[in-house]
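Pasting the sequence and the predicted model now:
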Amino acid sequence: MNRYRFLIKKISWSAFTILFVLILNFFLFRILPGDAARAGIHDPRLTKEAIEKIRVRYGLDKPVINCLESVHPVKLGDCTINPFETQFFIYLRNLSQGELGISFHSNRPVTDILGERLWNTILLIGAGQILSIIIGMVFGIFAAWKARTVIDYSSLIISLVAWSLPTFWLGIILLFWGSNHGLPIGGKMTPGISSYPLLYQAGDTLKHIFLPTLTYTIVFMGEYMLVMRSSLLDVLGEDYILTAKAKGLSTFQILKDHALKNAMLPIVTIIAINLGFTVAGAIQIETVFSWPGLGGAIFEAVVRRDFPVLQGAFLLIAISVIIANLLADLTYSYLDPRVQSEQ
Amino acid sequence: MKQKSLYILVLAALILSACSGLGAKQPVTMRVGYAGSPDTLNPGAAVLAESYTMFGLVYDTMYQLQLDGTFKLGLAESMQVSDDALTYTFKIRDGVKWHDGVPLTAEDVVFTYNLYANTEDYPWMADYTTYFESVEATANNEVVLTLSEAIPNLDSQLVFLFILPKHIWENEDGYEFENTAMIGSGPFKMVEYKQNEFVHLAVNKDYFGTVPKVDELIFQTFENQDALVQAIKTGQVDMITEMPNTAVATLRDDPNVEVVTGAPFAPGVTDIIINQVTPENCPPGDGICTGHPALLDRNVRLAMAHATDKQKIIDVVLLGLGTPGTELLPDGLGIWYNTDLKDYEYDVAKANQILDDAGYVDANGDGVRDMPDGSRDLTFRINWPSDSIDSPRMAELLSEMWGDIGIKLEAQAMDPDALTAACCPAFDFDIMLWGWGSDPDPSLLLSVMTTDEIPTGSSETGYSNPTYDDLYTKQAVELDQAKRVEIVWQMQEITHNDVVYIIPFYSQNVQAFRKDRFTGWIVDQPKVELSDITSLGIVAPVK
């Protein structure tokens, strides 16, 4: 019973947060200065009439919401107009039909654009996350187990260095190194091989994903290692570990049966947070290796004032962060039942 | 046992896949690296130059732009113009087919021109079809285009009107159609397109002109320019269309890579904009007109021009890859560029003398000159778009150079749209660093200095000169090319004398190709554009 109440409470909070993000998302981008209809285009061929046409086509000529003509600069408007004819309402109506709008820049549905890029990002960041979690945790456990030895200190130093490396710098270094060793440095597949056998394509993608994944893994494994190590060290200092030792259990048994489960709590938090942001991609890595993921799409959309793409991408990120947090909460309650009863 | 057989199976599959990938007769594939991607493949809605590159390869046009800036007939084999220059009769080539096998007829041309002229949402097309009165197909291969006014530059208007297949486009919304299959009639046809990843084209063996020697042409997007340079160094691509100027020296040292520079195919210009709109010309409603009054004085502008060391700007900002600019029309415009103009020489003493003589002296001894009436000093705001890489360095250099003649600059980068809002027609600035993209025809760049464009927002300077305005109207209808060139040269002389703009430089296109892969690139022309059909249509693999 208690568990269901906990579940319902968590889920309803998540739903509320998503709703809040939906509304915030809309206004957030309209505070940006500048006119989306002509962002970055400076050309005498683009006449005033043409700009007006573009504004009408994308509904930018309509007031943002009743009583508010525009957000940047803030301009109050008519309160008596039909609320269904405002940008905000049209945005909500489209959303309720699962439509994220049409990109101002490329004229394509936002769902198409984000759809193709989402999978690329999940592929890249997913692989990087899994690798960095596994390697980081193994190193962390090992370091805590061999605490205050050469092994501990050297893995500590390596992790700290890896964690503090600027991502783009490491990426460029690896790009130069890799390209001299025959590794491809751009895109997710060699263009023009889509008619080749699937296995060949998979192998080609593997080659393309190697360098960005390596970059990602190096940068992120340090964090996991450090957290794993310190939380495991905390647990190993507890009295019940001493008891276990006194019972004559081996170090391996102590780690496996007594220490690890308790030491997992902080790691679960970080994994959940990082997994949530997986969808956002890694803008720097995606840019360095021209990986066609969401991070790159967000960057381009900001430059071009492509509100619909930005709204869609942020919505996607928000939802994935919220869901990841929800999962973390639920995992917590499993790992540490006290969490539920405190509610 | 079971596992072992699985291994063998996987191994066999790997070998098989490797063989089928490599064993078949390899097509000749040219890989081009570039740092962009088309915004859309719909020729009416597209804005970016990358899109136009693809259109030029996949579609035909009535006229083709040559690297020397002239035009030659493309899809039409002949053209006849009536005596009043209002009626153009084009004869379409025989036997031209669309990539899907359907014959191309005059009906397609008529449909296309009407589509461009009538779809109001197309950003550029209104400009190219302004004088279209009617288009008719008088025979299966004959198109008659009637104009509302006799204009001298129809060729330059038709050069970007890519002919589309009626049988595909008539069922689609002209603006929303994504056109990813891109059925055209040009030398290359579309195979596969992934936005922001690659464009994969294949040769059109039935092309009426010279059939290209490469079988496949792939444009691959690299989102950062260092990767682009590394890609050509390691042979992952055969040609790159752009690179940072900082990479030129290292690439020149590479024995397998040839770096080429020249005027860009699509002329563009970087300019120092001086706000000189007078209170009388301040656009009612939109105009804020806060320009510094000293900038209305030709002497001040002239002194600034004399105090601008253009070669230093080129050396520092462009690492030497540019030529000093004189007028708004760039040298890449060929015959239209006035080569007689002598630029204001860099001479600080002379600049100081001009300001002294005109009464701008430093009355309070703070190192900055003051207005003759002492009302304010010569401190100018200077702004540029925040996405520009070159402008901050240029602003810094100008601060130093103009500091030598007692002019102080307050420098600030601005968001491009905020800059647009401050620029025109608001005229809420003193000096701006910006630029124009333009057409092969001079009319467009000349128009931005006319009085008529002050309220529209196209005029950045607010310059107004009735003589210039008259000449602009004249050149727009002068049918004799030699006479038109004369007028255009005269107009450049006027604006140069009045120091309407200070043009720091004309930048160059910097591209590179692998010498060990393909040969036959056109690099001996005034303009360089290796991704144009003029090169891609003839290059052949190195044996």
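Yep, that arrived.

pLDDT wise, what is the residue of the stretch 101-250 of chain A found nearest chain B at?
Closest to chain B within the stretch 101-250 of chain A is A:P191: 3.5 Å, counting by Cβ to the nearest Cβ. (C-beta placed from N, C-alpha, C; glycine too.) pLDDT for A:P191: 91.

How about the secondary structure of it?
Using DSSP: H, G, I helix; E, B strand; the rest coil, the structure places A:P191 in coil.

From what I see, it and B:Y193 are in contact.
No: using Cβ atoms under 8 Å, A:P191 is not in contact with B:Y193; the gap is 10.1 Å.

Ranking helices and strands of chain B by mean pLDDT, which lands last?
helix B:2-22 (a mean of 49; mean pLDDT, DSSP states H and E).

what residues do A:P191 and B:Y193 have in common as contacts?
B:H200 (Cβ atoms under 8 Å, 6 or more residues apart in numbering or on different chains).

ok so, going back, for the residue of the stretch 101-250 of chain A closest to chain B, which non-adjacent residue is spatially closest?
Distances taken as Cβ to Cβ, 6 or more residues apart in numbering or on different chains put B:F198 closest to A:P191, at 3.5 Å, once the chain neighbours are dropped.

which parts of the top helix by length along chain A are buried?
When chain A is parsed with DSSP state H, its longest helix is helix A:198-236. For helix A:198-236, a neighbour-count test (16 or more other Cβ atoms under 10 Å in any protein chain shown) marks A:199-201, A:203-205, A:208-229, A:231-233, A:235-236 as buried.

repeat for stretch A:129-142
A:Q129, A:L131, A:S132, A:I133, A:I135, A:G136, A:M137, A:F139, A:G140, A:I141, A:F142.

Switch the residues you listed over to CSV; also include distance to A:K53.
Converted to CSV, these look like this (distance: Cβ to Cβ, whole Å):
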residue, distance to A:K53
A:Q129, 45
A:L131, 50
A:S132, 49
A:I133, 51
A:I135, 55
A:G136, 54
A:M137, 57
A:F139, 59
A:G140, 59
A:I141, 63
A:F142, 64
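
could I get the residues you listed as TSV with secondary structure, distance to chain B and pLDDT?
Formatted as TSV, those follow (DSSP: H, G, I helix; E, B strand; the rest coil; distance: Cβ to the nearest Cβ, whole Å; pLDDT from 0 to 100):
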residue	secondary structure	distance to chain B	pLDDT
A:Q129	helix	22	91
A:L131	helix	22	95
A:S132	helix	23	93
A:I133	helix	27	93
A:I135	helix	26	94
A:G136	helix	28	93
A:M137	helix	29	92
A:F139	helix	30	91
A:G140	helix	33	93
A:I141	helix	30	92
A:F142	helix	30	90
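
Widest-spaced pair of these?
A:Q129 and A:F142 (20.1 Å; Cβ to Cβ).

Which stretches in chain A count as helices?
Using DSSP H, helices in chain A cover A:2-30, A:48-57, A:87-96, A:110-145, A:150-164, A:167-179, A:198-236, A:239-246, A:251-253, A:260-278, A:283-288, A:294-303, A:307-335, A:338-342.

where does whichever residue of the stretch 351-500 of chain B sits closest to chain A land in three-state SS?
With Cβ to the nearest Cβ, the shortest gap between the stretch 351-500 of chain B and chain A falls at B:D417, namely 2.4 Å. The three-state assignment at B:D417 reads helix, by three-state DSSP.

B:I168 now?
helix.

Nearest to B:L398 among the helices of chain A would be which one?
helix A:294-303 (26.2 Å).

how much does the closest one deviate in direction from helix A:110-145?
130 degrees (axes from the mean of the first three to the mean of the last three Cα atoms, to 10 degrees).

Helix A:294-303 and chain B in contact?
Yes: using Cβ under 8 Å from any Cβ of the partner chain, we find that helix A:294-303 touches chain B at A:G296, A:A297, A:E300, A:V303.

Now do that helix against helix A:307-335, angle only.
In terms of direction (the same axes, to 10 degrees), helix A:294-303 departs from helix A:307-335 by 140 degrees.

just checking, what packs against helix A:294-303?
helix A:110-145, helix A:283-288, helix A:307-335 (3 or more Cβ pairs under 8 Å, 6 or more residues apart in numbering or on different chains; DSSP states H and E).

Which residues does B:T221 form beta bridges with?
Counting by DSSP bridges, B:T221 forms beta bridges with B:Y34.

what sits against the nearest residue to B:T519 once chain neighbours are set aside?
Spatial nearest neighbour of B:T519, excluding adjacent residues (Cβ to Cβ, 6+ apart): B:V542 at 5.3 Å. Each residue near B:V542 by Cβ under 8 Å, 6+ apart is listed here: B:K515, B:D516, B:R517, B:F518, B:T519.

change it to 7 Å
B:D516, B:R517, B:F518, B:T519 (Cβ atoms under 7 Å, 6 or more residues apart in numbering or on different chains).

what does A:R30 give?
A:V64, A:V71, A:H72.

Of the residues you listed, just say which sits nearest to chain B.
A:H72 (9.8 Å).

quick revisit: phi, psi for the residue of the stretch 101-250 of chain A closest to chain B please.
phi -60, psi 140 (degrees, to the nearest 10).

Same question for B:M432.
The phi/psi pair for B:M432 (degrees, to the nearest 10) is phi -130, psi 150.

do B:V269 as well
phi -150, psi 140.

What pLDDT does the model give it?
The model's pLDDT for B:V269 equals 87.

list the contacts for the closest residue to it other than its chain neighbours?
Leaving aside its sequence neighbours, B:V269 sits nearest to B:P330 (Cβ to Cβ, 6+ apart; 4.9 Å). With contact taken as Cβ under 7 Å, 6+ apart, B:P330 is in contact with B:P267, B:V269, B:Y337, B:Y506.

gap between B:P330 and B:R393?
Distance of B:P330 to B:R393, given as Cβ to Cβ, to the nearest Å: 21 Å.

try B:Q64
Following Cβ to Cβ, the distance that separates B:Q64 from B:R393 is 38 Å.

These two - which one has more neighbours?
Neighbours were tallied for B:Q64 and for B:R393 using other Cβ atoms under 10 Å in any protein chain shown; the higher tally belongs to B:Q64 (20 against 14).

In the stretch 1-150 of chain B, where is pLDDT below threshold?
B:1-25 (pLDDT under 70).

That one: strands as residue ranges?
B:29-34, B:63-65, B:71-73, B:76-81, B:87-92, B:132-139, B:142-147 (DSSP state E, counting those that start in this stretch).

Out of the ones you listed, which is closest to B:L115?
Among the strands of the stretch 1-150 of chain B, if distance is taken as Cβ to Cβ, the winner is strand B:132-139, at 10.3 Å.
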